[in-house]
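Asker: this one's structure only:
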Ligand SMILES: [Zn+2]
């Protein structure tokens, strides 16, 4: 059925907007038609099945149209104000299915994820969400909205049980997946005492395992630092030992003039953490060594040379 | 290396602002308000605000205001805090704040603050530190931070701090340069920068510079012109902007220009858009490009505009 027939009782509402030449939107005739009727049902506050379908068309044309999403929620609520609980649930389940499709097609869109949350709250079957997010993350492992939605579901419905093993699986697939490292911290923060010696020791071992496999990975190093810095490096000498070992090659090379192209092989992260640890020791020997390392880093990491000059002058900066 | 193509950008912004036939214009219908802010700010920075018709713009802005005080992204669109900030910023640029019912706007923004200090984006309840920034920035521009519960807002931002010193959009959300800007910007506006770990966060931000000179938003991501603004403004508020290689960043931004057609793209070779054109120019302004007006890193408005508003407010209260 044609839109003009479905809405034969309504006059489309033309876009009336400035600034400057108030020209009609020329995109496509279909765009003009759908949006014309949609603006009309908005203004009329028509909460009907046909209006709901029309909003889906508006979303298909532009999923970032937040007004269309808001309209759907209001429309569903109004349509089922007097329905039985079963009918209401069925309608929101359908809406969640509509969301599945939209989330897949518009993974980076705020509105669709927020709408999804509203649907889950209505339907109340959160276990399915973890499975769904896993599918989304299989396509885009760092999708910010999918992760946010997952954390919301975990937290709201206490679904922590299998999350650490899920995260480890993702790290195995891509050890540079910063979102997965962040998620690991998030889970531990909510399920353990993250400053306790047992957790710190276990997480140092976990991060170190992945650092040994790939020493040039900002994410695993940031995680390691995030775990140990708050409790102090002095109680965990294994961190310094690992840094010394991984930095050793770099130290030899850095003694001579650096060659272009070699920089990628040098473990800047190990050197950088070594500076943190040595400066935190606050001994004349440690401070002097840290200063020498900063000098080398000025050469090895020239884009951040000013940072390393500054670090050399801050004996206790990051301890 | 090409220089800054001022005239081409100026022509480009004017063209896309007026060309209602363009694809970009059609799909950005819902955020026209922000589009106008990006265009007007970019033109102001290159000293050509008059390219836009002041009366038309102001009329459009007020057509988007709702009875609740909030502004929508376009005519007939629901009010949202994002577009409310853009609307207020546009009125500032055009020196038209006197036409605004300030109390009404403040009432709207205040109504979005939650007991935990966070802010909803609109009546539907999405929470994000971006909205905290919008609220504080708006109230600060209007000289009425007292209309919000600032200590609670600060408390919420602190809950969004991560182990790497960065910030996410909600507690637990991965650090992201865009969210770092909104949190640092909000703390700066609240006079509460002591609540972030300047050196740790400064390091995280300067790690965003890639070998090509551009900045990325998260580890392992590609450099993108819009992060020239998010990362650099945060670094500059933290007084750590000297830590990155400014010459390399400037070179990267300039390499994303469309020198003939005007405008700046997200990365070299891509098609230009108004969003990246504004953030590219704003980045160059923060890098102290002398041919550009200076921009304020916290409010994302020209320094001159903020100074004018302050002196007007002072004159009114004297
Ligand atoms: Zn971008």
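Answerer: The structure has been received and is ready for your questions. Just so it is clear, the structure is predicted and the values come from calculations on it, not from any experiment.
Asker: When you work out contacts or count neighbours from here on, use the C-alpha atoms and nothing else.
Answerer: OK.
Asker: Find the closest residue to chain B in the stretch 151-300 of chain A.
Answerer: residue A:226 (4.7 Å; CA to the nearest CA).
Asker: Quick check: phi and psi at that residue.
Answerer: Dihedral pair for residue A:226: phi -60, psi -30, per degrees, to the nearest 10.
Asker: Next one: it from residue B:177, what distance?
Answerer: Distance, residue A:226 to residue B:177, using CA to CA, to the nearest Å: 18 Å.
Asker: The residue of the stretch 151-300 of chain A closest to chain B against residue B:163, yeah?
Answerer: Yes: applying CA atoms under 8 Å as the test, residue A:226 and residue B:163 come out as touching, 4.7 Å apart.
Asker: Could you find the closest non-adjacent residue to residue B:119?
Answerer: residue B:113 (4.4 Å; CA to CA, 6 or more residues apart in numbering or on different chains).
Asker: give the contact list for the one you found.
Answerer: B:119-120, B:148-149 (CA atoms under 8 Å, 6 or more residues apart in numbering or on different chains).
Asker: Identify, from those residues, the entry nearest to residue B:96.
Answerer: The nearest member of these to residue B:96, counting by CA to CA, is residue B:148 at 23.2 Å.
Asker: what helix or strand does the residue lying closest to the closest one once chain neighbours are set aside sit in?
Answerer: Spatial nearest neighbour of residue B:148, excluding adjacent residues (CA to CA, 6+ apart): residue B:110 at 5.8 Å. Per DSSP states H and E, residue B:110 falls inside helix B:102-111.
Asker: same question, residue A:125
Answerer: Applying DSSP H and E, one finds residue A:125 in no helix or strand.
Asker: Could you report the neighbour count for it?
Answerer: Residue A:125 has 12 neighbouring residues, counting by other CA atoms under 10 Å in any protein chain shown.
Asker: on that earlier part again, go through the contacts of residue B:113 and say which is closest to residue A:35.
Answerer: The nearest one, if we look at these relative to residue A:35 and count by CA to CA, is residue B:120, at 27.1 Å.
Asker: got the contact list for that closest one?
Answerer: Taking CA under 8 Å, 6+ apart as the criterion, residue B:120 is in contact with B:112-114, B:126-128, B:131.
Asker: between those, which has the most around it?
Answerer: Ranked by neighbour count (other CA under 10 Å), those have residue B:131 at the top, with 27 neighbours.
Asker: which phi and psi does that one have?
Answerer: phi -70, psi -30.
Asker: The ion contacts on the stretch 201-318 of chain B?
Answerer: For the stretch 201-318 of chain B, the residues in contact with the ion (CA under 5 Å from the ion) are B:226, B:266.
Asker: what about the one residue in the stretch 201-318 of chain B that gets nearest to chain A, neighbour count?
Answerer: Relative to chain A, the nearest point of the stretch 201-318 of chain B is residue B:243 (4.7 Å; CA to the nearest CA). Neighbour count of residue B:243, defined by other CA under 10 Å: 22.
Asker: could you point out which element follows the lowest-mean-pLDDT helix or strand in chain A?
Answerer: Least confident helix or strand of chain A, by mean pLDDT, DSSP states H and E, is helix A:237-255 with a mean of 80. In the C-terminal direction, the helix or strand that comes right after helix A:237-255 (DSSP H and E) is helix A:268-281.
Asker: Centre of the chain to that following helix, how far?
Answerer: Distance, stretch centre to chain centre, for helix A:268-281: 28 Å (CA atoms, centre = their mean, to the nearest Å).
Asker: Outside of that helix itself, list whatever touches it.
Answerer: So helix A:268-281 is contacted by A:215-216, A:218, A:221, A:225, A:233-234, A:240, A:243-244, A:246-247, A:286-287, A:289-291, A:293-294, A:297, A:300-301, A:315-319 (CA under 8 Å, 6+ apart).
Asker: Need phi/psi at residue A:236.
Answerer: According to degrees, to the nearest 10, residue A:236 has phi -130, psi 70.
Asker: ok, it to residue B:230 distance?
Answerer: Taking CA to CA, one finds residue A:236 at 36 Å from residue B:230.
Asker: Among those two, which residue is more densely surrounded?
Answerer: Counted by other CA under 10 Å, residue A:236 and residue B:230 do not tie: residue B:230 has more neighbours, with 27 against 15.
Asker: can you tell me how far the more buried one sits from residue B:173?
Answerer: For residue B:230 relative to residue B:173 (CA to CA), the value is 17 Å.
Asker: go on, residue B:39?
Answerer: 31 Å.
Asker: give me the low-pLDDT residue ranges for the stretch 101-250 of chain A?
Answerer: For the stretch 101-250 of chain A, the stretches with pLDDT under 70 are A:249-250.
Asker: what does the host helix or strand of residue A:31 rub up against?
Answerer: If you go by DSSP H and E, residue A:31 is part of helix A:29-44. With CA under 8 Å, 6+ apart as the contact definition, helix A:29-44 has outside contacts at A:3, A:7, A:10-15, A:25-26, A:47, A:51, A:54-55, A:57-58, A:61, A:71, B:76.
Asker: Please compare residue A:226 and residue B:163 by neighbour count and tell me which comes out ahead.
Answerer: Legend: neighbour count by other CA under 10 Å for residue A:226 and residue B:163, higher for residue B:163 (23 against 16).
Asker: Would you enumerate the residues in contact with the more buried one?
Answerer: Shown in contact with residue B:163 (CA under 8 Å, 6+ apart): A:223, A:226-227.
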